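Enquirer: from the sequence below, what's the structure:
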Amino acid sequence: MPLNIPNLLTWFRIVMIPVFFAVFYVSDNTLSLHHKHQVSTLVFVLAAVTDWLDGYLARTLNQSSAFGAFLDPVADKLMVAAALVVLVNLDYVDTAIAFIIIGREIAISALREWMAQLGNSKSVAVSLLGKIKTTFQMIAISLLLYHERVLFISAHEIGTLLIYVAALLTLFSMFYYLMLAMPQIAQKSRE
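Expert: Below is the predicted model of the structure:
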C-alpha cells in the first residue's frame, strides 16, 4: 500500500465513520440535537470534500495506485451507508430510499468485481451519470443531516426532494451499468 496524500485522505474518511456515528451516541445533555446536526453535517461534508480532493491529488501528483483505486470507492460507500443508517434511525429518510441507494452500491460493486475478474472492468468504469448521482447523494445527505432551516429554507425539505432525485439517479445508473455488462453476462450464462 503506497503511503501518499491521496491514500491518507481516503484512510481519513474511513476513520471519520466511527466519529460520525459517535456524534449521535453522545447524550443529549452533552451535545444537543441541534449541535449533533451541525457536527454530523460538518463531518460528512469534510468526508465528501476529501473524496473529491484525494482523486484530484492522485491525478495531479501522479500518485494513483491500484490500492487507492480499490479503497476510495469503499470509503465512499461506507460513509454514505453510515449516513443513511443514521438518517433512517432519526426518521429523516424513508427506509426504502436507503435500501435503494445502499443496495445499488453493493450490486454495482459486485458487478465491477465480477467484470474485473473477467478482465473487462473498463466496461463498467465510473461514468458521468455515476458522478452526477454521487453529487446529488452528497448534497441531499448533507442537507438531511443538517435538518434545520437556513433563513426561510428548510434544509430537510430540500434534502428530502434531492434524496428522491438521487434515488432515481441511483436506479437509472444501476440499470445503465447492468446494460453495459449485459453482453458479458449473456456470454457467461451460455458457457
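Enquirer: please report how far residue 55 lies from residue 164.
Expert: 27 Å (C-beta to C-beta, to the nearest Å). For every residue, glycine as well, the C-beta is placed using N, CA and C.
Enquirer: and if you look at residue 116?
Expert: 32 Å.
Enquirer: next one: residue 12
Expert: 30 Å.
Enquirer: again, but for residue 16
Expert: Taking C-beta to C-beta, one finds residue 16 at 26 Å from residue 164.
Enquirer: what about those two, which has more around it?
Expert: Legend: neighbour count by other C-beta atoms under 10 Å for residue 16 and residue 164, higher for residue 16 (19 against 16).
Enquirer: any idea how far residue 10 is from that one?
Expert: 11 Å.
Enquirer: which element follows the helix or strand containing residue 17 toward the C-terminus?
Expert: In the assignment (DSSP states H and E), residue 17 maps to helix 5-25. Per DSSP H and E, helix 5-25 leads on to helix 33-60 as the next helix or strand towards the C-terminus.
Enquirer: gap between whatever helix or strand comes next after that next one and the chain center?
Expert: Toward the C-terminus, helix 33-60 is succeeded by helix 66-89 as the next helix or strand (DSSP H and E). Offset of helix 66-89 from its chain centre (C-alpha atoms, centre = their mean, to the nearest Å): 5 Å.
Enquirer: by contact count, what packs against helix 66-89?
Expert: helix 5-25, helix 33-60, helix 95-117, helix 128-146 (3 or more C-beta pairs under 8 Å, 6 or more residues apart in numbering; DSSP states H and E).
Enquirer: of all those helices, which one is nearest residue 184?
Expert: helix 95-117 (6.6 Å; C-beta to C-beta).
Enquirer: report the buried residues of the closest one.
Expert: Neighbour-count burial for helix 95-117 flags 97-98, 100-102, 104-105, 108, 111-112, 114-115 (criterion: 16 or more other C-beta atoms under 10 Å).
Enquirer: swap in stretch 77-86?
Expert: Quick answer for stretch 77-86 (16+ other C-beta under 10 Å): 77-84, 86.
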